[in-house]
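Attaching a predicted model along with its sequence, questions to come.
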Amino acid sequence: MSVQEFPAPSEGMLLTHFLTVSDVSRSRAFYRDVVGGRVVLEENPCTLRVANSWLIMNPGGGPTPDKPETTLRPPADGDPVSCFLNIRVADIWAVYRDWSERGAEFLTPPVDRGAELRCYLRDPDGYLIEVGQATGMLRGRFADPPPT
């Protein structure tokens, strides 16, 4: 790893996303081989450059001095979703075909929501990933407001 590749800004800040994973090598392979990320650091923590963002992955664990009373763990089956990765693409059908050929299992094919085309898949630990392509948004059609 070169220092220039690691997400450590010399000024300002840089946003990364941390995933607590049950098997670092399995998750690293998924985000590298299916999603197309570039591994910057294999482990401790596993760090990948994914498009113009970063993913950092490590196993879970109990409280530490800097995060007392906090336990990190991957989601369990049936856990409600509180956040997810949102990947925006230029051609959702090409991504859907390419990632499916690489082993991704999408919940559905891309669905036209008016404002965008989108579909979802889960990573090996069950994290939800949305893949979306702006369509109607580019012409002023935005998502319907939530029901009141």
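Noted; the coordinates are in hand. Numbers count the residues shown, from 1 in each chain.

Excluding chain neighbours, what is closest to the residue positioned nearest the centre of the chain?
In the chain, the C-alpha closest to the average C-alpha coordinate belongs to Leu85, at a distance of 3.7 Å (Cα atoms, centre = their mean). In this structure, Leu85 finds its nearest non-sequential neighbour in Ile129, 4.6 Å apart by Cβ to Cβ, 6 or more residues apart in numbering. The way it works is simple: take the backbone N, C-alpha and C, and place the C-beta from them, glycine included.

The helix or strand containing the one you found pairs with which strands, and in what direction?
Using DSSP states H and E, Ile129 sits in strand 128-134. In the sheet, strand 128-134 lines up against strand 85-88 (parallel), strand 116-122 (antiparallel) (DSSP bridges).

Find the one among the ones you listed with the highest mean neighbour count.
strand 116-122 (a mean of 19; mean count of other Cβ atoms under 10 Å).

For that one, output the C-alpha coordinates as CSV.
C-alpha atoms of strand 116-122 as CSV (Å, rounded to 0.1, in the frame of the first residue of the first chain):
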residue,chain,number,x,y,z
GLU,A,116,-35.1,6.8,-11.3
LEU,A,117,-34.5,3.2,-12.1
ARG,A,118,-33.3,1.2,-9.1
CYS,A,119,-32.7,-2.3,-7.8
TYR,A,120,-31.3,-3.8,-4.6
LEU,A,121,-28.9,-6.6,-3.6
ARG,A,122,-27.3,-7.7,-0.4
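
and that strand, how far from the chain's centre?
12 Å (Cα atoms, centre = their mean, to the nearest Å).

what comes into contact with it?
The contact list for strand 116-122 (Cβ atoms under 8 Å, 6 or more residues apart in numbering) reads 84, 92, 96, 99, 104-111, 128-137, 143.

Could I have the buried ones of those as ChimeraX selection syntax?
The following ChimeraX line selects those of the contacts of strand 116-122 that are buried, judged by 16 or more other Cβ atoms under 10 Å:
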select :92,96,99,104,106,110,128,129,131,132,133,134,135
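
I appreciate the help and will end here.
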